[in-house]
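# Mind folding the following:
(chains A and B)
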Amino acid sequence: MDRLIVTVVGIVATIGISAIIFYGANALFDLAETEFPWFNTAVGAISALTVFGILWGNRILATPILATVIAVAVGAATGYGLGIVKDKRTRLYVGLGGGLALGVVAGVFVRSPYWPSIDPVAAIIGLAVGGVIGFLLWSLTGRKHDLMPRLMIGLSLGWLLGAWLAADFVLSLDDDGNVTRIEGGGTQVEAIIAAAVLGLLVGAWIGSVPFPEKIRRAEITEGSRKYIFLAPALLFVVGTLVIPLARTIWLGFLTGTPTNLEWTGLTNYGDIFTDPGIINFENWTSMFESRLFWGAVVLLILGVFLGRWMGRSGGTGLGTGFYFGAGPLSLLTGGAVLIGFAIFVAIRGTIANNLWWIFSVIIFSVSVGLAVAVLADRSKGENIAKSLIFLPMAISFVGASVIWRLMYVARPPGDTQTGVFNALWVKVGEWSNSTTASTIIVAAIGLVVAGLLYLAWRGWQADSNAIAAGSLALVVPLAWLAYRFLGPGIGGFTTNSAGEVVANPVIFIQTAPWNNFWMMVVLIWIQTGFAMVIFSAAIKAVPEELLEAARIDGATESQTFWRVTIPQIFPTIGVVVTTLIVTVLKVFDIPKVMTNGNFDTQVLANEMWERAFTQFNFGLGSAVAVVLFIGVLPVMFINIRRMQRERLG
Amino acid sequence: MTATQEKPTTTATTGNGKRPLGNRIYGFLRSVPTWALWILVILWTIPTFSLFVNSFRERDAQRSSGFWNAWQDNANGFEFPTLNNYQEVLFPDVGAGLGNALLNSASIAIVATIIPIAIAAFAAYAFAWIEFRGREWIFIATVALLAVPTQVSLIPLLTAYSQGVHMTIPFIERTITLIPDANLAGSIPAVWLTHTGFALPFAIFLLHNYIAGLPKDIFESAYIDGADHFKIFRKLVVPLSMPVLAAFAIFQFLWTWNDYLIALTMIGGNREALPATIVVASLAGEFGAREHLLTAGAFVITIVPLIVFFALQRFFVRGVTAGSVKG
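I've put the predicted structure just below:
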């Protein structure tokens, strides 16, 4: 119960404070137009608070609370003064007075280790440089502002550099902030002088800004909005994305422990690309020995021939002489899948795994998602079907991994299999070893094959080559299945030394390299819903007139789909693919929960995490993160180009 | 798959009255695509359903047979359905103490949903309706960061949370503290900050698409009536943008509730602050003894997104599609 209260209070307080800060900022700038003195008072107080807050945070102040309270009071008073005084000369005096007072306060409260020993040469050089900067600031902005304030900004910066930052300090503090070594160093008088001069310069800058008239004040209110509206967002984006990104790139060039990093150039990248665990081409020739590869070659050749043959009449081939339809495309897709798998089974390592993830998830999610979107479109129960396919999108990767672990469970051979896949696989094994069962199954397959052949014949007669080709293509795996049942057997069984047939489940998660694919299935299961929803929206957005026109011209439904719908949703396919690339590239949770990168299933995101947060090798971890980042760069580039086209014309 | 989707769309040669056998077979085969759709739907549902069923089964029942045998549990001397797993996993004195973790998850998800919405809505409005120099480029740069993987920020952010941000000024070798050490690492606020930052590019993109599409007239007439941007935002833009705000809220809630990586990195070993996903994932890490709790645990962390999903599916789908189709 206590925890509940603490949680609720925490939530309410965080949201409330954020809202008050934001609302307060807007309300404050409302005052600029109507109640200028009070606006100025608040600005003075907040500026003093900011400066002293920074000093406080850097542990420069001796009694920080007292110093800050005094400073805020002085700042508020100065702000109020400048808010009511309109005379030019008096304003300068108010500014100088306020600045001097703040400077003296700062100088008095600076802790002894930070008393500077002012180097006159450095101070003068600093002032000179600052003066030049101020002058340039004024002349480069077209000289439309007064010279005096710009010059004073420059001089303040110059003095800050010359008198404070270039000076010798007592310094050398230990971890608790105590002085351990005393040398050089200045006196408090010097500290007060250095701070007072800075205060005077800043005061002169503020005091030389003319009193804003009514119109100018309205502009302040109006102009403040864009800053207030954008500041939090940009602050967060820069603070959590831009700067960390830059720092990670920098860290990628360093090696060593987190507290002692040294520049070693490209060493980390060298380590990554020579580590056989990360990329390993050693067995790439085994690709040509795999049945996958040759199966792929056959499918690809068939696909190309079928496409050429079906597109021989020319009219439907979009001028390429190739028929872009279900038959050739499914053959080509099948070939691409097999060849991809052949490659990724032969070339191993973290990077290869990541590429394999991208390859599989995109091909399967896009094709299944598109298929579901088309099948469900305007069919009965469309919404139920779609929402059930989409449902995994709402489930966490951790939850999904647990769910699929249950599906993949392998119990010892003698036990009842409790995982769906192994239960089925072992059952199939039993069937193929029983004459009755395999006879029934083969007979059933025979019936289906007969039906398919008939369908192919009808399709042929109706001049619908796609149906003919599709049906024929389905016959091949079925025939193969029948052969396995009759001949060598199929399923989860093995023969032991005594010649008995025993159950033999597949250890899905631990057997490399295919365990990678079983884990990809989890993400495919999740992302298909995403692809489907987007394709579905795109299909429904295809203008009805276009479809109608195609039908009137005598196109069949199939032709309408391939010639009108697909080209219309083609850009959407691109969007889905780029989104998927980004999602898949950073997949982390699934391998982490299912194998933690063991059994040859490491991926870049997990590799990065392991290196950085279990081995505390920040340099190598960062370098892996940079590799990931380079992976998304093309996607980023495409997105930027697209937005440029849309927004800048 | 691609082969079957072809079939429903081809016009059949239909005969009137008595149809010959061939046509009937043809007709039957042509209904295959509808079947295929529902078979796919069933395949897609089985995994979730199996988790649901197993979470109500006793430990030994789960271990001795698959979920499809649940209806026989009572005959085999097991209790089904039973809530024991849930009791064990939720209350700390018995099992994993998922109860506390659920509170943490709620705290993370609620704050990390509301704050980014507020911040992004203002920014989206500014990008859409306030003129300023470099607007297009700042917008494009912000949204381009959408693709940046979280991983590139983790190390610097964690260092910043645990040690503050310090910078050494080149040439004069003075180190100054930009953000003092707030000791945020291991706490929920660290997760809030991180989620907020990472959510913004997408949030701004999504909300901007919508807010920029609002009719221009209403802004102009409000402006003539003397309303300034802040007032227009509160009185006009927020009420009109409710659908897209809801869409993003659901999207972000699910994202933060389901998050594992950021919480794992930022909270790490602080058991008190761990969200439910991490507790369940660590249950998955220990094989054996408490494996049966995993089903109940996983279902508990899944049920919240599922409720949100079924109750507010329309908005969720809008959030997902608006981000992609328009873009």
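# The top helix by length along chain B close to chain A?
For chain B, the longest helix by residue count, based on DSSP state H, is helix B:98-129. Yes - using C-beta under 8 Å from any C-beta of the partner chain, we find that helix B:98-129 touches chain A at B:100, B:103-104, B:106-107, B:110-111, B:114-115, B:118-120, B:122-123, B:125-127. The C-beta positions use only the backbone N, C-alpha and C, and glycine is treated the same way.
# Report the rounded mean pLDDT for that helix.
For helix B:98-129, the mean pLDDT works out to 92.
# now stretch A:511-527
93.
# Could you export it as CSV, CA atoms only?
Below are the C-alpha coordinates for stretch A:511-527, written out as CSV (Å, rounded to 0.1, in the frame of the first residue of the first chain):
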residue,chain,number,x,y,z
THR,A,511,20.7,-26.0,-32.3
ALA,A,512,22.7,-23.6,-34.5
PRO,A,513,22.3,-22.1,-37.0
TRP,A,514,18.6,-22.7,-37.4
ASN,A,515,17.8,-21.5,-33.9
ASN,A,516,18.3,-18.1,-35.3
PHE,A,517,15.4,-18.6,-37.6
TRP,A,518,13.2,-19.9,-34.9
MET,A,519,13.8,-16.7,-33.0
MET,A,520,13.1,-14.6,-36.1
VAL,A,521,9.7,-16.3,-36.3
VAL,A,522,8.8,-14.5,-33.1
LEU,A,523,9.5,-11.1,-34.6
ILE,A,524,7.7,-12.2,-37.8
TRP,A,525,4.7,-13.1,-35.7
ILE,A,526,4.8,-9.6,-34.2
GLN,A,527,5.6,-7.5,-37.3
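# Just the buried positions in it, please.
By 16 or more other C-beta atoms under 10 Å in any protein chain shown, the buried positions in stretch A:511-527 come out as A:513, A:515-527.
# number of nearby residues for residue A:305?
Residue A:305 has 12 neighbouring residues, counting by other C-beta atoms under 10 Å in any protein chain shown.
# make that residue A:568, sorry
16.
# Against chain B, how distant is it?
For residue A:568, the distance to chain B (C-beta to the nearest C-beta, to the nearest Å) stands at 12 Å.
# dump the residue contacts of that residue.
When contacts are counted by C-beta atoms under 8 Å, 6 or more residues apart in numbering or on different chains, residue A:568 touches A:538, A:541-543, A:546.
# Which of these fall in helices?
Using DSSP H, the contacts of residue A:568 in helices are A:538, A:546.
# Could you identify the pair within the contacts of residue A:568 that is furthest apart?
A:538 and A:546 (13.3 Å; C-beta to C-beta).
# Looking at the two, which has the bigger crowd around it?
residue A:538 (23 against 15).
# Phi first, then psi, for the closest residue to residue A:601 other than its chain neighbours.
Distances taken as C-beta to C-beta, 6 or more residues apart in numbering or on different chains place residue A:595 nearest to residue A:601, at 4.7 Å, with adjacent residues excluded. In terms of degrees, to the nearest 10, the main-chain angles of residue A:595 are phi -140, psi -10.
# my guess is residue A:595 contacts residue A:509, does it?
Yes - between residue A:595 and residue A:509 there is a contact under C-beta atoms under 8 Å: 6.1 Å.
# who touches both of these two?
With C-beta under 8 Å, 6+ apart as the test, residue A:595 and residue A:509 both reach A:515, A:519.
# more neighbours, the two?
Set side by side, residue A:595 and residue A:509 show more neighbours around residue A:595, with 21 against 18, by other C-beta under 10 Å.
# State the distance from the more buried one to residue B:66.
With distances taken as C-beta to C-beta, to the nearest Å, residue A:595 is found 23 Å from residue B:66.
# same thing with residue A:44?
Taking C-beta to C-beta, one finds residue A:44 at 73 Å from residue B:66.
# Settle it for me: which of those two has more neighbours?
Using other C-beta under 10 Å, the more surrounded residue of residue A:44 and residue B:66 is residue A:44, with 25 against 22.
# ok so the more buried one is a strand residue?
No - going by DSSP: H, G, I helix; E, B strand; the rest coil, the assignment for residue A:44 is helix, not a strand.
# in what helix or strand does the spatially most central residue of chain A lie?
The centroid of chain A falls nearest to residue A:582 when counting by C-alpha atoms, centre = their mean (6.8 Å). Using DSSP states H and E, residue A:582 falls within helix A:566-585.
# Does anything pack onto the very next helix or strand once past that helix? Which helices or strands?
Next helix or strand after helix A:566-585 toward the C-terminus (DSSP H and E): helix A:589-594. Packing partners of helix A:589-594 (3 or more C-beta pairs under 8 Å, 6 or more residues apart in numbering or on different chains; DSSP states H and E): helix A:397-408, helix A:514-540, helix A:604-609, helix B:276-285.
# one more time with 7 Å
Helix A:589-594 is packed against helix A:397-408, helix A:514-540, with contacts defined by 3 or more C-beta pairs under 7 Å, 6 or more residues apart in numbering or on different chains; DSSP states H and E.
# now these in JSON lines, with distance to residue A:418?
Below are these laid out as JSON lines (distance: least, C-beta to C-beta, whole Å):
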{"stretch": "helix A:397-408", "distance to residue A:418": "8"}
{"stretch": "helix A:514-540", "distance to residue A:418": "17"}
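# can you count the residues close to residue 284?
With no chain named, the answer covers chain A. The burial count for residue A:284: 13, using other C-beta under 10 Å.
# try again with chain B
When neighbours are counted by other C-beta under 10 Å, residue B:284 comes out with 21.
# my guess is it contacts residue A:402, does it?
Yes - contact criterion C-beta atoms under 7 Å: residue B:284 and residue A:402 qualify, at 5.6 Å.
# For the residue of chain A found nearest chain B, give me its contacts.
Of the residues in chain A, the one nearest chain B is residue A:240, at a distance of 2.7 Å by C-beta to the nearest C-beta. Taking C-beta atoms under 7 Å, 6 or more residues apart in numbering or on different chains as the criterion, residue A:240 is in contact with B:153, B:157, B:193-194, B:197-198.
# Intersect those with the contacts of chain A.
Among these, the residues within reach of chain A (C-beta under 7 Å from any C-beta of the partner chain) are B:153, B:157, B:193-194, B:197-198.
# JSON lines for those residues, including neighbour count?
Formatted as JSON lines, the ones next to chain A among the contacts of residue A:240 follow (neighbours: other C-beta atoms under 10 Å in any protein chain shown):
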{"residue": "B:153", "neighbour count": "26"}
{"residue": "B:157", "neighbour count": "28"}
{"residue": "B:193", "neighbour count": "21"}
{"residue": "B:194", "neighbour count": "27"}
{"residue": "B:197", "neighbour count": "25"}
{"residue": "B:198", "neighbour count": "27"}
